[in-house]
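Participant: This is the structure alone, sequence omitted:
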C-alpha cells in the first residue's frame with residue numbers, strides 16, 4: 001500500500017465514518033439535535049470534498065496507484081451508505097431510496113469486479129451519468145443531514161427532491177452499466 005497524501009485522505013474518509021454516525025448517539029444534553037445535524041453535515045461535506053481533492057491530488061502529484069483506485073470508491077460507498085442509514089433512522093429518507101442506492105452500489109461493484117476478471121473493465125468504467133448521480137447524492141445528503149430551515153430555505157425539501165432524483169439516476173445508471181456489460185457477458189457464456 002503506497003503511503004501518500006491522496007491515500008491518506010481516502011483513509012481519513014473511512015476513519016470519519018464512526019465519528020459521523022456516532023454524533024447522533026451523543027446525549028442530547030451534550031449536543032442538541034440542531035448541533036448534531038450541523039456537525040454531521042460538516043463531517044459529510046468535508047469527506048465529500050476530500051473525495052474530489054484526493055483524486056485531483058493523485059493526478060497532479062502523479063501518485064495514482066492500484067490500491068488508491070480500489071480504496072477510493074470503497075470509502076465513497078461506505079460514507080454514502082452510512083449517511084443513508086443514519087437518515088433512514090432519523091426518518092428523513094424512505095427505505096426504498098436506501099435500498100435502491102445501496103443495492104445498486106453492491107450490484108455495480110460486483111459487476112465491475114466480474115468484468116475486470118474477464119479483462120473487460122473498460123465496458124463498465126464510470127460514466128457521465130454515474131457522475132451526475134454522485135453529485136446529486138453528495139448535494140442531497142448534506143441537505144437532509146442539516147435538515148433545519150435557513151430562513152425561507154428548507155434544506156429538507158430540496159434534499160428530498162434531490163435524493164429522489166439521485167435514486168432515479170441510480171436506477172438509470174445501473175441499467176446503463178448492465179446494458180454496456182451484457183454483450184461482453186454473453187460473449188463469455
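Facilitator: Good, I have the coordinates. Keep in mind that what you see is a predicted model, and the values were worked out from it rather than measured.
Participant: count of neighbours near residue 145?
Facilitator: By the other C-beta atoms under 10 Å criterion, the neighbourhood of residue 145 contains 28 residues. Bear in mind the C-beta positions are built from the backbone N, C-alpha and C, glycine included.
Participant: any idea which helix or strand comes after the helix or strand encompassing it?
Facilitator: Counting by DSSP states H and E, the element that carries residue 145 is helix 128-146. Proceeding C-terminally, helix 128-146 gives way to helix 155-188 as the next helix or strand, assigned by DSSP H and E.
Participant: in that following helix, what counts as buried?
Facilitator: Counting neighbours by 16 or more other C-beta atoms under 10 Å, one finds that the buried residues in helix 155-188 are 155, 159-160, 162-167, 169-170, 173-174, 176-177, 180-181, 184.
Participant: One more: stretch 143-152?
Facilitator: So, applying 16+ other C-beta under 10 Å, buried residues of stretch 143-152: 143, 144, 145, 146, 147.
Participant: tell me the mean pLDDT for the helix holding residue 145?
Facilitator: Mean pLDDT, helix 128-146: 91.
Participant: what does stretch 37-46 give?
Facilitator: On average, stretch 37-46 scores 95.
Participant: likewise stretch 57-76?
Facilitator: Along stretch 57-76, the predicted confidence averages to a pLDDT of 83.
Participant: Can you get me the start-to-end distance on that stretch?
Facilitator: End-to-end span of stretch 57-76 (C-alpha to C-alpha, to the nearest Å): 17 Å.
Participant: neighbours around the nearest residue to residue 166 once chain neighbours are set aside, how many?
Facilitator: Computed as C-beta to C-beta, 6 or more residues apart in numbering, the closest residue to residue 166 that is not its neighbour in sequence is residue 136, at 3.8 Å. Burial of residue 136 is recorded as 20 neighbouring residues (other C-beta under 10 Å).
Participant: got a list of what residue 136 touches?
Facilitator: Under the criterion of C-beta atoms under 8 Å, 6 or more residues apart in numbering, the neighbours of residue 136 are 162, 163, 165, 166, 169.
Participant: Go again with 6 Å.
Facilitator: Residue 136 makes contacts with 162, 165, 166, 169, as judged by C-beta atoms under 6 Å, 6 or more residues apart in numbering.
Participant: Just put those in a markdown table and tack on distance to residue 57 and pLDDT.
Facilitator: Supplementary listing: the contacts of residue 136 in a markdown table, determined by distance: C-beta to C-beta, whole Å; pLDDT from 0 to 100:
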| residue | distance to residue 57 | pLDDT |
| --- | --- | --- |
| 162 | 27 | 96 |
| 165 | 30 | 95 |
| 166 | 26 | 95 |
| 169 | 27 | 94 |
